[in-house]
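A.B. asks: Generate a structure from the sequence data that follows.
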Amino acid sequence: MDFLLALWLPIVLSAVIVLVASSIMHMALKYHHSDYKPLPDEDRALGALRSAGVHRGLYIFPFATHQTMKSPEMQDKYRQGPVGMLTVFPSGPPAIPKFMAMWFVYCLIIGFFVAYLAWHTIAPGSNYLVVFRVVGTAAFLGYGLGSISNGIWKGQPWSMVTKEVIDGLIYGMLTAGTFGWLWPK
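C.D. replies: This is a model prediction of the structure:
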């Protein structure tokens, strides 16, 4: 765990920088505002979900098992649509402070593993660009590429996936810059 003693500052500072940058990107810049749409006839749709007893969870519709997926009835449901996934949060206002804290912990976890990898692949005293290249690649893997599976398996629009990958690239570069700047001499 020598790497933690040597790299605790870039781990924490890069997490803070990514937290601030992501807040600016999602709140001040408007390019993510088109990612979400309201439900048509929202009041009626929410009433139907409430009366159906929908609670926190991830739902897929129409729901099929391996045994029922190819049945004529299920194929008809798929053709009629809609087909999708629905994520339901606990009732109540969004818990933004909780989400921000969880995001910060996630950033710390990425910083921890990036530091571990960098410590075992980059020599102390290496120049900024060497550190930037390795750390930036590793951080981009953590921040940027995971969202692609949401486009593949969860039907997330590719425009949204692309923005998340670009965000991940920016977070990766910010992490790389922080580690490059604070890399042990």
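
A.B. asks: Which residue, other than its chain neighbours, is closest to T121?
C.D. replies: In space, and not counting its chain neighbours, T121 is closest to V134: 5.8 Å by C-beta to C-beta, 6 or more residues apart in numbering. C-beta coordinates here come from the backbone N, C-alpha and C atoms, glycine included.

A.B. asks: Doesn't the one you found belong to a strand?
C.D. replies: No: judged by DSSP: H, G, I helix; E, B strand; the rest coil, V134 forms no part of a strand; its state is helix.

A.B. asks: wait, what's in contact with the residue nearest the centre of the chain?
C.D. replies: Using C-alpha atoms, centre = their mean, the residue of the chain that lies closest to the mean C-alpha position is S147, 6.0 Å off. The neighbourhood of S147, defined by C-beta atoms under 8 Å, 6 or more residues apart in numbering, consists of Q156, V161, E164, V165, G168.

A.B. asks: how close does it get to A45?
C.D. replies: Here S147 is placed at a distance of 26 Å from A45 (C-beta to C-beta, to the nearest Å).

A.B. asks: shouldn't K77 be in contact with P62?
C.D. replies: Yes: using C-beta atoms under 8 Å, K77 is in contact with P62, at 4.0 Å.

A.B. asks: Pull up the per-residue confidence for H33.
C.D. replies: You'll see H33 listed with a pLDDT of 89.

A.B. asks: nope, M69 is what I was after
C.D. replies: Each residue has a pLDDT score; the one for M69 is 93.

A.B. asks: That one: how many residues sit nearby?
C.D. replies: 11 (other C-beta atoms under 10 Å).
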